[in-house]
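here's my sequence, what's the structure:
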Amino acid sequence: MVESKDAPLSIVITGADSELGLETIRQLIACGHQVTGLALSKDGATAIRSVGGVLADANLTSAAELKDVFARTKVDVVLNLAPQLANTLLHDGQDWKGYDKVLPATTTALLEAVEVTNVKFFVHTSYTFLYGNTTDATESTPLTAPSDDPIFATAIDAEKRVMNSKIPTCVLRMGYLYGPQSKDLKLYVKSFKLGRPYFAGRPNNLANWLHFEDAAIALVQITQQQPAGAVFNVVDGTQVSFADFIDHFAFTLGRKRPGHIPMWLTPLALLLVIKPQQVELLELSTTVKNDLIRQQLGWSPRYANYREGLEQTVELWRSNNEV
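This is a model prediction of the structure:
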């Protein structure tokens, strides 16, 4: 847990009822800050309040409604976590649907609202997969939209717009998120029980991972230190393919290796199971360095690799009789 070193801040979080949002609220509240959450769903109010946050009702595409929230809460810092809803390989790609329209609209509204209120700092969360097929990417490595997909191109444009805005900002490029909060990860437990194979992608394509708790720790440190103009890679530092990740998850649960849907069945999988964005991401092999955030902020992942993170996930589930 990050300890607060400064006076309490007023913080507004978008996507506050997401898995990452709730963990971030929990940690910020523990540090003594005041957190207002903007929910992604109608059912998010209860979850936000359960971790100590206050719900605010506003349309993320309405600058006027966002201005009202920012003014009422006298907000110091805005954390835009809504883009992280789809940042996982644990689903079939359906969460990317419509992002090429939603992300520009929310980015426009947020920046407009932030620039005319007294917000001191704005944090935008992005993705390490935007480095494409590359090895040891740093924050200065050029970004590329996988397969020229308009959704991913929009994500790059959103970063640029944030960094070119008139207020102090920071961009966090995060690895694929997972942890005990993950509803999608729990679906794999059911899949294992039913003996269903999964679309694993190519076994040698490496991906970058990040436990929800470690992502939230980084967000708390960014909120408190406010490094204006910075871009940081936030990953655990141990790259592994999606196939090895899921297979190890099964082993951690005490189950045998699940079946893999072979790559030659990709056309059929696209018709019946997964979305194009999932295939595009699984076609990448990306390794990323996290040296900058370690050196400048002192951030260090509590779960240094996916094995430790999955072990903690399963242990917590078992202690709560969830598996």
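
tell me who's in contact with Ala158.
By Cβ atoms under 8 Å, 6 or more residues apart in numbering, the contact list for Ala158 reads Pro83, Leu103, Pro104, Thr107, His124, Ser126. Placement of C-beta: from N, CA and C, glycine included.

if you could redo that for Leu177, that was the one I meant.
The neighbours of Leu177, taking Cβ under 8 Å, 6+ apart as the test, are Glu19, Leu20, Gln84, Asn87, Thr88, Leu210, His211, Phe212, Ala215.

what of Lys186?
Under the criterion of Cβ under 8 Å, 6+ apart, the contact list for Lys186 reads Glu322, Val323.

ranges for the helices of the stretch 1-150 of the chain?
Using DSSP state H, counting those that start in this stretch, the helices of the stretch 1-150 of the chain run over 19-30, 44-50, 63-73, 99-115, 150-163.

got phi/psi on the closest residue to Asp291 other than its chain neighbours?
Spatial nearest neighbour of Asp291, excluding adjacent residues (Cβ to Cβ, 6 or more residues apart in numbering): Thr138 at 7.4 Å. Main-chain torsions, Thr138, degrees, to the nearest 10: phi -110, psi 180.

and Thr138, how far from Lys166?
When Cβ to Cβ, to the nearest Å is the yardstick, Thr138 and Lys166 sit 27 Å from each other.

of the contacts of Ala158, which pair is most distant in space?
Pro104 and Ser126 (13.9 Å; Cβ to Cβ).

settle it for me: which of those two has more neighbours?
Shown here are Pro104 and Ser126; by other Cβ atoms under 10 Å, Ser126 has more neighbours (23 against 16).

can you classify the spatially closest residue to the more buried one that is not a sequence neighbour as helix, strand or coil?
Of all residues not flanking Ser126 in the chain, Arg173 sits nearest, at 4.8 Å (Cβ to Cβ, 6+ apart). Following DSSP: H, G, I helix; E, B strand; the rest coil, the label given to Arg173 is strand.

count of neighbours near Arg173?
Taking other Cβ under 10 Å as the neighbour definition, Arg173 ends up with a count of 27.

so what's the residue lying closest to Asp95 once chain neighbours are set aside up against?
Nearest-residue entry for Asp95: Ala86, 3.7 Å, with adjacent residues in sequence omitted and distances by Cβ to Cβ, 6+ apart. Under the criterion of Cβ under 8 Å, 6+ apart, the neighbours of Ala86 are Asp95, Trp96, Tyr99.

show me which of those residues is closest to Tyr178.
Minimum distance to Tyr178 across the contacts of Ala86 is 14.1 Å, recorded for Asp95 (Cβ to Cβ).

point out where the protein drops to low pLDDT.
Low-confidence segments of the chain, defined by pLDDT under 70: 1-6.

now the strands for it?
In the chain, strands defined by DSSP state E lie at 10-14, 34-38, 54-56, 77-80, 121-127, 134-137, 169-174, 176-178, 198-199, 209-211, 230-234, 260-261, 286-288, listed in chain order.

wait, which of these is closest to Gln312?
Between Gln312 and the strands of the chain, the tightest spacing by Cβ to Cβ is seen for strand 209-211, at 7.7 Å.

many thanks, we can stop here.
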